[in-house]
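> sequence below, structure please.
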Amino acid sequence: MYQILSRGEIAAIHTAAMEVLERVGIVIQHDKALKTLAKAGATVDKKTKVVKISEALVNEALQKSPRRHKLVARNPKYNIVIGDGKSYFTNAFGAHYTIDLHTGERRLSTVKDLEEFTLLSDYFPTVDYIKPNILPQDIPKTTWEQEMALAMFKSSEKHLSNVALTPEGWRDVIEMAKIYSGGDEEFRKNPSIIDTGFNNVPPLKYTREIIDMILDCAKNRIPFDISTGLLSSASGPVTLAGTIVQGIAENHAIVVLTQLIGPGTPIMWGSCATIMDQRYGTAAYGSPENGLIHAAFCQMAHFYGLPYYGAAGVIDSKVPDQQAAYENMMNALLATVSGADVVHDAVYGIVEAGVTASYEMFAISNDICGAIKRVAKGIRVTPETLAVDLIEAVGHEKNHLNTPDALRFTKKHLKEEQWYPLISNRTSRPEWEKRGSKTVEEVANEKIKEILATHSIEPLEKEKETAMRKLIKEAAKRAKSS
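The predicted structure is shown next:
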């Protein structure tokens, strides 16, 4: 496992982060949360809403925050346990635009795009659980979260991570999750049928709306990720060490608050931080510094005994080209070999740093992440896999293609040892030319169309869909009257 920080550096970063929490504090624009923190022993300035938190409070919260937790899927075969030592991958999140699969034109994203990207996520083996790839622009913002939740509930059997944008919308999604899971009692047993995620407003601030939604998660024991969103040299220090320090302080404030409200609520502790490229004033997610930030944050999360969630596969390139491929590979691989529990944005079906969805990039990224997962599996070294007796039996004159024992050995171990890509070309040049000399983007386009035409899932029960649609109608009426 790749470890970027020494023990001494971990200790220094921890000490500095605790100093920031105790000396500088975090702005929390939520009176109820401030009262809870003050009652627990934090120092609260009611006027500025700055809360200063001691290391002792942090340590108490860390003891209550689970090291492992299950994410439940509609189909139990897709259940996963975060913190079990594996790296789980999500797809990307939040594209407002989509490169049309048929015309190649960039246009506003739609609910149909969200359904299709969710169905593709259900198909791709590299996607372990699903985020909303798309923020549809063809539905009212008053029922945005609710319509998105329904689109996803209909389109996959895997675990779904729903978007929380407003307190009212998120509460409706929780009610829809109760319908989805089979009622209030079933939801209470398995609140991890859904999860969500939050970023702060850097530097060192949380809005009332974000805290409202976090408190709802804590009350219902719904898992969520808390990920610092700072930009190094803009909303945080230019130094990567300072970036890590500030991010820890921002994340830990929420760990403390959450465990005070709902002890045992699962938190995935993470980062969406990266650098700002000072030449252009843009967030550089495809930068090597982004990968270094994830590697360091991962070590710190595990130092605190928390599962790490890192947005590590984001692409700056505007199209699914060579730049997109190396950016996706570089940081998703680095996060994986660093031991990230969740590599968010790994299977990255978006270009332009989260703005524009690309069907073709999704298929390309599936191959990239398949290769990364194979690297993460490593090499099995056992008396059988060392194969000394077999090497002796084949000897100098035969080979492993014409020796029966060797062929049986290959058949037994082939699937475990070798990974096969979905679209990458490994044929001879004559065969490639015979098939039309197609680029990987062209092959990806064809494969996506094939998957969308053929892949199906167990449909969502009609009565559940009907109940969810009724809830959405009520939400629309409520919004219209307010």
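
> for the rest of this, base every contact and every neighbour count on C-alpha atoms.
Will do.

> pLDDT score for the residue most central in space within the chain?
Ranked by distance to the mean C-alpha position of the chain (C-alpha atoms, centre = their mean), the top residue is H344 at 2.5 Å. According to the prediction, H344 has pLDDT 97.

> that one reaches Y309, doesn't it?
Yes: between H344 and Y309 there is a contact under C-alpha atoms under 8 Å: 6.6 Å.

> now do the strands in the stretch 251-400 of the chain.
267-271, 274-277, 282-284, 308-311, 342-347, 350-351, 356-358 (DSSP state E, counting those that start in this stretch).

> relative to strand 342-347, how tilted is the first one?
Spelled out, that is strand 267-271. Taking axes from the mean of the first three to the mean of the last three C-alpha atoms, to 10 degrees, one finds strand 267-271 and strand 342-347 inclined to each other by 60 degrees.

> buried ones in strand 267-271?
Neighbour-count burial for strand 267-271, counted by 16 or more other C-alpha atoms under 10 Å, picks out 267-271.

> low-confidence ranges in the chain?
Applying pLDDT under 70 to the chain flags no residue at all.

> could you list the domains of it?
Residue ranges for the domains of the chain, per automatic domain parsing: 64-377, 383-417.

> deepest in the core, which of the ones you listed is it.
Mean neighbour count (mean count of other C-alpha atoms under 10 Å) peaks for domain 64-377 among the domains of the chain, with a mean of 22.

> end to end, how far does it reach?
End-to-end span of domain 64-377 (C-alpha to C-alpha, to the nearest Å): 31 Å.

> how far is it from where the chain is centred?
Chain-centre distance of domain 64-377: 3 Å, with C-alpha atoms, centre = their mean, to the nearest Å.

> residues in contact with stretch 318-337?
For stretch 318-337, contacts defined as C-alpha atoms under 8 Å, 6 or more residues apart in numbering pick out 1-2, 87, 286-288, 290-292, 294-295, 298, 310, 312-317, 343, 346, 348, 351-352, 356, 358, 360-361, 364-365, 368-369, 372, 376, 441.

> and those, which of them are in helices?
288, 290-292, 294-295, 298, 360-361, 364-365, 368-369, 372, 376, 441 (DSSP state H).

> ok, now which ones touch the closest residue to N190 other than its chain neighbours?
Leaving aside its sequence neighbours, N190 sits nearest to V72 (C-alpha to C-alpha, 6 or more residues apart in numbering; 7.1 Å). By C-alpha under 8 Å, 6+ apart, the contact list for V72 reads 78-80, 159, 190, 192-194.

> just A476 next, same as before
Contacts for A476 (C-alpha under 8 Å, 6+ apart) come out as 142-143.

> just say helix, strand or coil for it.
Under DSSP: H, G, I helix; E, B strand; the rest coil, A476 falls in the helix class.

> report the separation between it and K470.
For A476, the distance to K470 - C-alpha to C-alpha - is 10 Å.

> what's the closest of the strands of the stretch 251-400 of the chain to G242?
strand 274-277 (11.9 Å; C-alpha to C-alpha).

> that closest one pairs with which strands, and in what direction?
In the sheet, strand 274-277 lines up against strand 231-232 (parallel), strand 282-284 (antiparallel) (DSSP bridges).

> dump these into CSV; add distance to D128 as well.
Shown next, in CSV, are the strands paired with strand 274-277 (distance: least, C-alpha to C-alpha, whole Å):
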stretch, distance to D128
strand 231-232, 28
strand 282-284, 26
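
> right, and the ones you listed - which one's nearest A92?
Counting by C-alpha to C-alpha, A92 lies closest to strand 282-284 out of the strands paired with strand 274-277; the figure is 16.2 Å.

> quick one: contacts of the closest one?
The contact list for strand 282-284, computed with C-alpha under 8 Å, 6+ apart, reads 231, 274-277, 290, 316.

> repeat for stretch 8-28
Stretch 8-28 is contacted by residues 34, 48-55, 204-208, 211, 241, 244-246, 248-250, 253, 299-300 when judged by C-alpha under 8 Å, 6+ apart.

> now do 6 Å
With contact meaning C-alpha atoms under 6 Å, 6 or more residues apart in numbering, stretch 8-28 is reached by 49-55, 204-206, 245, 249.

> ok, so of the residues you listed, who is nearest D113?
D113 lies nearest to Y206 out of the contacts of stretch 8-28, by C-alpha to C-alpha, at 31.4 Å.

> residue contacts, that closest one?
Counted by C-alpha under 6 Å, 6+ apart, Y206 has contacts 28, 200.

> among the strands paired with strand 274-277, which comes closest to T258?
Taking C-alpha to C-alpha, strand 231-232 is the member of the strands paired with strand 274-277 nearest to T258, at 24.7 Å.

> sorry, back to before: redo the contacts of strand 282-284 as JSON lines? Include distance to K39.
Below are the contacts of strand 282-284 laid out as JSON lines (distance: C-alpha to C-alpha, whole Å):
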{"residue": "L231", "distance to K39": "33"}
{"residue": "T274", "distance to K39": "35"}
{"residue": "I275", "distance to K39": "37"}
{"residue": "M276", "distance to K39": "38"}
{"residue": "D277", "distance to K39": "42"}
{"residue": "N290", "distance to K39": "38"}
{"residue": "D316", "distance to K39": "45"}
